[in-house]
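K.L.:
A structural model of the following input is requested.
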Amino acid sequence: MRRHGPRPDAAHYNALLEGLLAAAHLRLADRLLLQMADDGVARNRRTYTLLLGAYARAGRLEDSWWVLGEMRRRGIRLDTAGYSMLVRLYRDNGMWKKAIDLVMEMQEVGVELDVKIYSGLIDTFGKYGQLADARRVFDKMRAEGIKPDISTWNALIQWHCRVGNMKRALRFFTSMQEEGMYPDPKIFVMIISRLGEQGKWDEIKKLFDGMKNRGFKESGAVYAVLVDIYGQYGHFRDARECIAALRAENMQLSPRVFCVLANAYAQQGLCEQTVNVLQLMEEEGFEPNLVMLNLLINAFGTAGRHLEALAVFQHIKDSGMSPDVVTYTTLMKTFMRAKKFEKVSEVYREMERAGCTPDRKAREMLHDATVVLEQRG
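P.N.:
Take a look at the predicted model:
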């Protein structure tokens with residue numbers, strides 16, 4: 001292009017830079033920046049935004065500060081996406097105090113805060129125990145007319161559960177359902193466990209009765225049964241007992257019921273019980289689908305059993321099913337936990353070859369795995 005075609009401009013370089021950063025080729029991206037300077041092509045807002053996102057994901061703090069400094073020096077203001085990246089950088093590096101200054105800065109320059117930024121700020125404050133600040137941000141978000149998404153609610157519930165403030169956690173849990181959102185199974189298990197530790201079984205029962213009244217009948221029934229079993233034994237018992245208890249409640253078994261139950265076990269890494277749910281599902285005449293098998297991969301991954309997770313992945317392909325983005329991303333997460341970083345990039349490449357578009361989580365894991373491998377030399 002440089003020898004025979006038109007002189008490359010910033011748009012050409014940014015397109016190349018985006019491709020390199022998406023594939024986590026940070027060293028090649030650094031070389032491209034040098035070439036860009038040699039060709040006399042000025043970096044623009046797009047260039048710096050791409051770099052900031054990549055450096056923030058890779059945990060390259062000094063490089064991130066350099067990008068921010070360059071943007072300020074050139075009079076380039078951060079946009080909403082840029083501030084969202086900065087919130088993530090502060091969250092992941094324990095700089096929650098800077099997040100307060102960031103909110104004030106955004107207000108001063110007139111940058112509109114979106115749900116992603118608000119959720120990131122709430123998660124940042126919650127992670128470092130600043131729950132009063134998290135609630136203030138949430139109140140401001142509501143006052144601005146911005147509707148919380150599932151990430152917002154999960155962060156509020158999770159961090160209040162962590163410090164044992166179950167009263168507020170349950171208040172947020174109820175509000176989420178009143179706004180028509182389905183609670184994350186991981187949050188269910190956390191609430192059950194926390195309230196169980198405090199012996200508040202009546203409160204849990206009331207909570208799940210409310211769920212059924214709001215339209216989450218099947219899910220509410222499954223988790224209510226889990227609560228009863230947890231209360232009797234101090235832990236989640238055999239899946240067959242849960243199914244028997246559901247029958248006793250005159251619950252009509254369906255693939256949805258089995259999926260909720262499998263997810264409850266998978267979130268805790270209870271592999272054998274997740275497998276049992278699949279077997280029970282088959283006994284009832286229902287074929288396990290891709291969603292269920294993805295849950296099984298997640299269960300094995302959470303338990304640190306990457307070989308079994310890989311076997312399930314192979315079973316999916318052998319059965320003629322097409323893995324989806326959740327399948328690939330869950331398997332990548334499994335290898336990240338097992339520190340099999342070279343396998344992460346292999347799964348990513350297979351996902352691309354299969355014509356499955358990687359999502360943000362997959363790209364971030366590829367970045368992280370590549371950085372580790374580069375550091376190892």
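K.L.:
Quick check: what element follows the helix or strand hosting Arg256 along the chain?
P.N.:
Assigned by DSSP states H and E, Arg256 belongs to helix 255-266. Under the assignment DSSP H and E, the closest C-terminal helix or strand after helix 255-266 is helix 271-283.
K.L.:
quick one: average pLDDT of that next one?
P.N.:
Averaged across helix 271-283, pLDDT comes to 84.
K.L.:
Which positions in the helix or strand following that helix come out as buried?
P.N.:
Later in the chain than helix 271-283, the nearest helix or strand by DSSP H and E is helix 290-302. Of the residues in helix 290-302, Met292, Leu293, Asn294, Leu295, Leu296, Ile297, Asn298, Ala299, Phe300, Gly301, Thr302 count as buried by neighbour count, 16 or more other CB atoms under 10 Å. C-betas here are computed from N, CA, C, even on glycine.
K.L.:
and the closest residue to Leu170 other than its chain neighbours, what helix or strand is that in?
P.N.:
Spatially, and ignoring its direct neighbours in sequence, Leu170 is nearest to Leu207 (6.6 Å; CB to CB, 6 or more residues apart in numbering). Per DSSP H and E: Leu207 is located in helix 201-213.
K.L.:
which stretches of the chain form strands?
P.N.:
Using DSSP state E, no strands are assigned anywhere in the chain.
K.L.:
Leu296 and Met190: what is the separation?
P.N.:
21 Å (CB to CB, to the nearest Å).
K.L.:
so the residue nearest to Leu170 makes contact with Ile191?
P.N.:
Yes - using CB atoms under 8 Å, Leu207 is in contact with Ile191, at 7.5 Å.
K.L.:
anything in contact with each of the two?
P.N.:
Common contacts of Leu207 and Ile191 (CB atoms under 8 Å, 6 or more residues apart in numbering): Leu170, Phe173.
K.L.:
Please verify my assumption that His315 contacts Leu293.
P.N.:
Yes - counting by CB under 8 Å, His315 touches Leu293, with 7.2 Å between them.
K.L.:
Can you give me the pLDDT of the residue lying closest to Lys98 once chain neighbours are set aside?
P.N.:
Excluding its sequence neighbours, the residue lying closest to Lys98 (CB to CB, 6+ apart) is Tyr90, at 5.1 Å. On pLDDT, Tyr90 comes in at 81.
K.L.:
Now do the contacts for Tyr90.
P.N.:
Residues near Tyr90 by CB under 8 Å, 6+ apart: Trp96, Lys98, Ala99, Leu102, Thr124.
K.L.:
give me the number of residues near the first one?
P.N.:
Close neighbours of Trp96, defined as other CB atoms under 10 Å, add up to 19.
K.L.:
Low-confidence regions, the stretch 201-350 of the chain specifically.
P.N.:
Low-confidence segments of the stretch 201-350 of the chain (pLDDT under 70): 201, 205, 208-237, 246, 249, 251, 267-268.
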